[in-house]
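1. Any chance you could fold what I've pasted below:
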Amino acid sequence: MSAELDRSALYQAVRFRPMTLVDVPAVVTVERASYLFPWSEGVFRDCVRVGYLCRVVEFDGQVAGYGIMSYGAGEAHILNICIRNDLRGVGIGRRLMDFLLSRAKEAEMQDVFLEVRPSNPVAIKLYESLGFVKVGIRKAYYQAAGGREDALVYKRVLANT
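-> You can find the predicted model right below:
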């Protein structure tokens, strides 16, 4: 991101749109640059095919991030959210989370769940600032360099918000 591009200009330049199968290779590129144990191209394709809410963050005509959320039985589950490394820290992730939460509310979901690595304090801080509360731990949920890492399970109640 160039130094002359300020935060408000960035907000104007970023847009969210539905993810298509054509976007999957670019999404996988962002995923692989962000995680040691990334989702496969097949997992992203399956999310699009089964009709999960899959959104691409587009900046300057390129995929700059994505968010994937499923719905069912009054609950939404944020499965994956990621912003390209060079665009982190300017509020795009918060804006994407707000977008996903508004879609869950529009779909009349009562609660939204997500998992996060304990080793990701930046994401934890964001989720807690958005009203998510830790409700549990999934033992050995994530692959990790030293074996397995637990997942913290977070929940946000949407009813009456």
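2. Give me the below-cutoff pLDDT ranges for the protein.
-> Applying pLDDT under 70 to the chain flags the ranges 1-7, 11, 160-161.
3. let's see 50
-> For the chain, the stretches flagged by pLDDT under 50 are 1-4.
4. report the longest helix in it, please.
-> Ordering each helix of the chain by length in residues (DSSP state H) puts helix 92-106 first.
5. what sits up against that helix?
-> Residues from elsewhere that reach helix 92-106 (CB atoms under 8 Å, 6 or more residues apart in numbering): 10-11, 14, 16, 53, 55, 57, 64-65, 67, 69, 71, 76, 78, 81, 83, 112, 123, 126-127, 129-130, 156, 158, 161. Just so you know, the C-beta spots here come from the backbone N, C-alpha and C atoms, and that holds for glycine as well.
6. Same check on stretch 68-77?
-> 19, 44, 47, 52-55, 78-81, 100, 103-104, 107-114, 158.
7. go again using 10 Å as the cut-off
-> When contacts are defined by CB atoms under 10 Å, 6 or more residues apart in numbering, stretch 68-77 is touched by residues 19, 27, 39, 43-44, 47-48, 50-55, 78-82, 99-101, 103-105, 107-115, 155-156, 158-159.
8. Which of those residues fall in helices?
-> Per DSSP H, those map to helices at 27, 43-44, 47-48, 99-101, 103-105.
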